[in-house]
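Q: next come a sequence and a model predicted from it.
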Amino acid sequence: MYALGYPLLTAVSILDVLLTIYICIIIAVAIFSWVNPDPLNPLVRILRNITEPVMERLRPYVPLIGGLDLTPVVLIIAIVFIKNGILRVLYRFASNLV
């Protein structure tokens, strides 16, 4: 079962790091929305292009509270659930295969 265990451990570890990086990007985009940077800035455009497709799908389901868009908070909570729930189960499963 080594042939399945180690690649699965590696995939789970890589996915965990990528989700952590995505959380940092979401936080950066939220901070950018507060300070209103130049929308033509390449960094701002890249970060918004990475996060907007996911946030656009969530916005119809997340109400505005006091004029604040809580979509980044909901998305971060969902990612933390995936990291601490699903990835942890996959990591334990892969550890038992090794």
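A: Sure, I can see it.
Q: off-centre distance for the longest helix anywhere in the chain?
A: Longest helix of the chain, by residue count under DSSP state H: helix 2-35. From the chain centre to the centre of helix 2-35 is a distance of 6 Å (CA atoms, centre = their mean, to the nearest Å).
Q: report the buried residues of it.
A: Buried residues in helix 2-35, counting neighbours by 16 or more other CB atoms under 10 Å, are found at 8-9, 12, 15-16, 22-23, 26, 28-30, 32. Glycine gets a C-beta too; all of them are placed from N, C-alpha and C.
Q: export the residues you listed to JSON lines and tack on pLDDT and distance to N49?
A: Converted to JSON lines, these look like this (pLDDT from 0 to 100; distance: CB to CB, whole Å):
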{"residue": "L8", "pLDDT": "89", "distance to N49": "30"}
{"residue": "L9", "pLDDT": "90", "distance to N49": "31"}
{"residue": "V12", "pLDDT": "93", "distance to N49": "27"}
{"residue": "L15", "pLDDT": "96", "distance to N49": "21"}
{"residue": "D16", "pLDDT": "95", "distance to N49": "23"}
{"residue": "Y22", "pLDDT": "97", "distance to N49": "13"}
{"residue": "I23", "pLDDT": "97", "distance to N49": "17"}
{"residue": "I26", "pLDDT": "96", "distance to N49": "13"}
{"residue": "A28", "pLDDT": "94", "distance to N49": "13"}
{"residue": "V29", "pLDDT": "93", "distance to N49": "10"}
{"residue": "A30", "pLDDT": "91", "distance to N49": "15"}
{"residue": "F32", "pLDDT": "90", "distance to N49": "13"}
